[in-house]
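Asker: Using only what follows, build the 3D model:
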Amino acid sequence: MDNTTLKGQAALVTGSDSGIGKGVALELAKAGARLVINYAHNHDAADEVVKEITDAGGEAYAHQCDVSHEGEVQAMFQEMYKRYGTIDILVNNSGLQKDSKFIDMTLDQWNTVISVNLTGQFLCAREAAREFIRRGVVEGVSKAAGKIICMSSVHEVIPWGGHVNYATSKGGIMMLMKSMAQELASHKIRVNAIGPGAIQTPINKEAWDTPEALDKLLTLIPYNRIGQPDDIGKLAAWLASDESDYITGVTIFADGGMTLYPGFADNG
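Answerer: A predicted model of the protein is given here:
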């Protein structure tokens with residue numbers, strides 16, 4: 001493992017069998033945290049993440065859970081408490097897309113995305129906050145009683161036609177995060193969000209899989225490169241550490257400048 005900034009802390013990263021979640025889990029493990037690798041369907045992929053962490057000297061196990069189901073979420077937390085005793089870090093990462101033109105979008109497409117992307121974050125954060133308040137600050141472990149990191153998106157501020165359900169879920173995450181941060185700060189609980197831009201993961205493979213697609217994507221990114229999962233993972237590890245102890249209630253965008261609206265770079 002690379003460092004010990006999170007040594008002795010237990011972390012749950014939802015949707016950490018691939019993509020951004022996997023990148024976050026690996027970086028938290030490098031910083032010394034014990035991990036729960038949550039996955040919805042791909043058991044083999046989750047086991048591979050666990051193996052990568054344990055082969056490097058870390059501690060992790062995999063747990064299947066659909067974060068939109070309250071009972072499954074509560075069971076996942078109870079299993080974590082049996083194994084690790086508590087939770088110190090929650091990274092609310094699980095998310096999906098069900099894209100459609102607005103006028104063609106079905107209620108099922110809407111409900112599925114809102115249930116996983118937004119309700120799932122509420123359910124997991126509520127369980128974590130209950131434990132943080134019960135346990136309080138543990139001297140020598142962290143200055144905070146607990147840390148919640150919500151995975152949002154540049155689309156909490158950038159509208160996205162054809163993805164109304166997804167953009168709405170991310171806008172909801174922004175206000176969920178801020179409202180939780182406001183309410184929980186007196187308990188020494190920090191709540192923040194990360195807003196990734198274009199990150200090279202399976203969820204957006206069509207946007208970078210060919211040179212032509214990548215060139216088109218890069219017109220939206222002033223920094224002129226696509227992001228990688230460890231770009232987000234390193235930021236999450238910092239936000240979970242005492243180095244960011246005075247930060248709560250904010251979204252930090254890691255997007256290569258996408259939120260700078262590059263179409264206006266030449267005066268619009």
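Asker: Which residue is the nearest non-sequential neighbour of A213?
Answerer: Residue nearest to A213 in three dimensions, not counting chain neighbours: A207, with 5.7 Å by Cβ to Cβ, 6 or more residues apart in numbering. For glycine as for every other residue, the C-beta is placed from the backbone atoms N, C-alpha and C.
Asker: same check, this time on T112
Answerer: Nearest non-adjacent residue to T112 (Cβ to Cβ, 6+ apart): K98, at 5.4 Å.
Asker: The one you found in helix, strand or coil?
Answerer: Secondary structure, DSSP: H, G, I helix; E, B strand; the rest coil: K98 is coil.
Asker: swap in G171?
Answerer: Assignment for G171 (three-state DSSP): helix.
Asker: number of nearby residues for the residue nearest to it when sequence neighbours are not counted?
Answerer: Excluding the flanking residues, the one nearest G171 by Cβ to Cβ, 6+ apart is E156, at 5.1 Å. Counted with other Cβ atoms under 10 Å, the neighbours of E156 add up to 22.
Asker: Repeat that for T112.
Answerer: 16.
Asker: what do you get for V137?
Answerer: 15.
Asker: list the contacts for the residue nearest to G171?
Answerer: Contacts for E156 (Cβ atoms under 8 Å, 6 or more residues apart in numbering) come out as 167, 170-171, 173-174, 193, 195, 251.
Asker: Out of those, which comes closest to A75?
Answerer: The shortest approach to A75 among the contacts of E156 belongs to I173, at 23.6 Å (Cβ to Cβ).
Asker: before we move on, back to that, and the residue nearest to T112, what's its pLDDT?
Answerer: K98 carries a pLDDT value of 97.
Asker: what does Q64 give?
Answerer: We have a pLDDT of 98 for Q64.
Asker: gap between it and A254?
Answerer: 28 Å (Cβ to Cβ, to the nearest Å).
Asker: neighbour count winner among the two?
Answerer: A254 (18 against 15).
Asker: Now do the end-to-end distance for stretch 78-93.
Answerer: 19 Å (Cα to Cα, to the nearest Å).
Asker: Could I get the buried residue list for the strand or helix carrying L176?
Answerer: Element membership for L176, per DSSP states H and E: helix 164-184. Under the neighbour-count criterion of 16 or more other Cβ atoms under 10 Å, helix 164-184 has 164-174, 176-178, 180-181, 184 buried.
Asker: Touching that helix from outside, list them.
Answerer: 92, 95, 97-100, 102, 105, 109-110, 112-114, 117-118, 121-122, 125, 129, 132-133, 148, 150-153, 155-160, 190-193, 195, 248-249, 251.
Asker: S241 against A33, yeah?
Answerer: No: using Cβ atoms under 8 Å, S241 is not in contact with A33, being 9.8 Å away.
Asker: Please identify which of these two sits among more neighbours.
Answerer: A33 (31 against 22).
Asker: in the stretch 101-250 of the chain, which spans are helices?
Answerer: In order along the chain, the stretch 101-250 of the chain carries the following helices (DSSP state H, counting those that start in this stretch): 107-114, 120-135, 164-184, 211-218, 229-239.
Asker: lowest-confidence stretch among these?
Answerer: helix 211-218 (a mean of 92).
Asker: Buried residues, that one. List them.
Answerer: 217-218.
Asker: before we move on, what about stretch 48-60?
Answerer: By neighbour count with 16+ other Cβ under 10 Å, stretch 48-60 contains the buried residues 48-50, 52-53, 58-60.
Asker: wait, which of these is closest to V138?
Answerer: Minimum distance to V138 across the buried residues of stretch 48-60 is 17.9 Å, recorded for E59 (Cβ to Cβ).
Asker: Look at the residue lying closest to the closest one once chain neighbours are set aside and say how many residues are nearby.
Answerer: Computed as Cβ to Cβ, 6+ apart, the closest residue to E59 that is not its neighbour in sequence is R34, at 4.3 Å. Residues lying near R34 (other Cβ under 10 Å) number 25.
Asker: Just the buried residues of stretch 48-60: which are in helices?
Answerer: 48-50, 52-53 (DSSP state H).
Asker: which among those gets closest to Y39?
Answerer: Using Cβ to Cβ, these come closest to Y39 at V49, 8.5 Å.
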